[in-house]
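1. Sequence and predicted model, in that order:
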Amino acid sequence: MTTTELLGKVAAQYLKDHLSDEESAGTARYLLDCLTAEQTSAVARAVLADPVINRLVEIKLPHTFLRDQGLPPEILTTDRTTYFRNAECPKSAWLLANVGDDEQQSVTELVPIGAPQLLDHQEIWVNVASQQLPLTDDHLKWWRQALKGLVEARQVSLERFSEYVASTRSAILDHGHPIRAALGYALPALRIPRDTCFFNSLNDKTSGYGSKWKILFATAFAKRACYLVKQTPTQALLDSELLRESFNKVKDSVPLQCHLTVEKFIESHSGWNNEALALSECEWEMVRPIFDGLKREKFNLGSLPTMTAII
């Protein structure tokens, strides 16, 4: 299951749940709110593939936005989204899309399906992602609580969140990791160094509390993710010279198979890039010596670029 397939199925299930709860006799109107073309098309495919939702929902999505996505032509339209506010629907509900700000004020009365709504329903993500996985009820609960803790610890983009859930599923299905280990193995999807043992500090009881997961995710973001973009936890810049000096001192403590990855990372530009991704996929304990004991570089804090809270 790819990241976009997962997101599409989650959004379709969210829609299905709301349709079953719909009590009004009128036509419901749902709006895929500010999703990418790939994400929007994934939702449309998931709806079309579900006979229950497909029977209840009439899809009309912007042709110019999705013409290259290979969707059936009958669900694409050249009409503006606002046209369907009062248009008669042959089914119980419309499924539309908002792709820009020019119609934002005109579609506020439609029911949005976007990042805020989907991220708020961790149980749907787990229900969809856990299909065909050998997980117990307790494991499913821990997974839900982990995602709850993640959302509370940091504002995460829908794309990054989807990738993390899909990577966790892959860690279980393809690598045989138990759920806590899988959640640590998948951390590079959040731009945090991989640490398969990171959540081992939780036991079977504490794994059932989102607050415990929140603390660990917040720690990982604050004290580890920063190094991948060449900053310390205090936002001090780490230049290549400083990293090279540190690596030379601890090279014997870093496994040989990581050396080339580390070398490329040291020579790369700061910020998130392919070299940072490659380093994040090394187990943290293997590369941690490079960052332990780094001397703080003096710099002007005002020279740092403003960093967005969304990853």
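-> Noted; the coordinates are in hand. Residues are numbered from 1 along each chain as shown.
2. give me the low-pLDDT residue ranges for the protein?
-> 20-25, 100-108, 295-311 (pLDDT under 70).
3. Would you enumerate the residues in contact with residue 151?
-> 119-120, 122, 161 (CB atoms under 8 Å, 6 or more residues apart in numbering). Any C-beta I mention is one placed from the backbone N, CA and C, and that applies to glycine too.
4. let me redo that: residue 63
-> Going by CB under 8 Å, 6+ apart, the list of residues near residue 63 reads 76-78.
5. make it 6 Å
-> By CB atoms under 6 Å, 6 or more residues apart in numbering, the residues touching residue 63 are 76, 78.
6. ok, it to residue 143 distance?
-> Per CB to CB, to the nearest Å, residue 63 is found 38 Å from residue 143.
7. Check residue 121 too.
-> In terms of CB to CB, residue 121 sits 13 Å off from residue 143.
8. What lies in contact with stretch 242-252?
-> So stretch 242-252 is contacted by 262, 266, 289-290, 294, 297 (CB under 6 Å, 6+ apart).
9. could you flag which of those residues are buried?
-> 262, 266, 289-290 (16 or more other CB atoms under 10 Å).
10. Filter those residues down to just the ones in helices.
-> Secondary structure from DSSP state H places 262, 266, 289-290 of the buried ones among the contacts of stretch 242-252 in helices.
11. which two of those residues lie the greatest distance from each other?
-> Farthest-apart pair in those is 266 and 289; separation 13.7 Å (CB to CB).
12. measure the closest residue to residue 240 other than its chain neighbours to residue 110 for me?
-> Once flanking residues are discounted, residue 240 sits nearest to residue 266: 5.3 Å by CB to CB, 6 or more residues apart in numbering. Here residue 266 is placed at a distance of 50 Å from residue 110 (CB to CB).
13. hmm, back to that, which one among the ones in helices among the buried ones among the contacts of stretch 242-252 gets closest to residue 199?
-> residue 289 (21.8 Å).
14. Next, count neighbours for the residue lying closest to the closest one once chain neighbours are set aside.
-> The shortest distance from residue 289 to any non-neighbouring residue, by CB to CB, 6+ apart, is to residue 250 (3.9 Å). Residue 250 has 15 neighbours, counted by other CB atoms under 10 Å.
15. Residue 250 looks like it's in a strand, true?
-> No - according to DSSP: H, G, I helix; E, B strand; the rest coil, the state of residue 250 is helix, so it is not within a strand.
16. Domains in this structure, by residue range?
-> The record assigns the chain these domain ranges, following automatic domain parsing: 3-117, 122-225, 229-301.
17. Settle it for me: which of residue 121 and residue 143 has more neighbours?
-> Taking other CB under 10 Å, residue 121 and residue 143 do not tie; residue 143 has more neighbours (29 against 16).
18. Which residues are in contact with the more buried one?
-> With CB under 6 Å, 6+ apart, residue 143 has these contacts: 126, 179.
19. Check the gap between it and residue 93 for me.
-> For residue 143, the distance to residue 93 equals 30 Å [CB to CB].
20. Excluding chain neighbours, what is closest to residue 127?
-> Nearest one to residue 127, counting by CB to CB, 6+ apart, is residue 13 at 7.1 Å.
21. thought that neighbour was touching residue 123?
-> No - counting by CB atoms under 6 Å, residue 13 does not reach residue 123; the two are 9.8 Å apart.
22. Would you map the strands across the chain?
-> Counting by DSSP state E, the chain has strands at residues 28-33, 57-59, 61-62, 76-77, 93-98, 111-113.
23. between the ones in helices among the buried ones among the contacts of stretch 242-252, which is closest to residue 197?
-> Closest to residue 197, out of all of these and judged by CB to CB, is residue 289, at 16.4 Å.
24. what about residue 261, how many neighbours?
-> Look at residue 261: counted by other CB under 10 Å, it has 19 neighbours.
25. now, of the domains of the chain, which is deepest in the fold?
-> Across those, the average number of neighbours (mean count of other CB atoms under 10 Å) peaks for domain 122-225, which reaches a mean of 19.
26. Span of that domain from start to end?
-> The first residue of domain 122-225 is 23 Å away from its last residue (CA to CA, to the nearest Å).
27. sorry, back to before: adding distance to residue 220, write the strands of the chain out as TSV.
-> Output for the strands of the chain, formatted as TSV (distance: least, CB to CB, whole Å):
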stretch	distance to residue 220
strand 28-33	29
strand 57-59	39
strand 61-62	37
strand 76-77	42
strand 93-98	33
strand 111-113	29
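28. what about the helices in the stretch 101-250 of the chain?
-> Ranges of helices within the stretch 101-250 of the chain are 115-119, 122-129, 137-153, 158-173, 179-185, 210-220, 226-228, 240-250, based on DSSP state H, counting those that start in this stretch.
29. who wins for proximity to residue 277 among those?
-> Of all the helices of the stretch 101-250 of the chain, helix 226-228 comes closest under CB to CB, at 8.2 Å.
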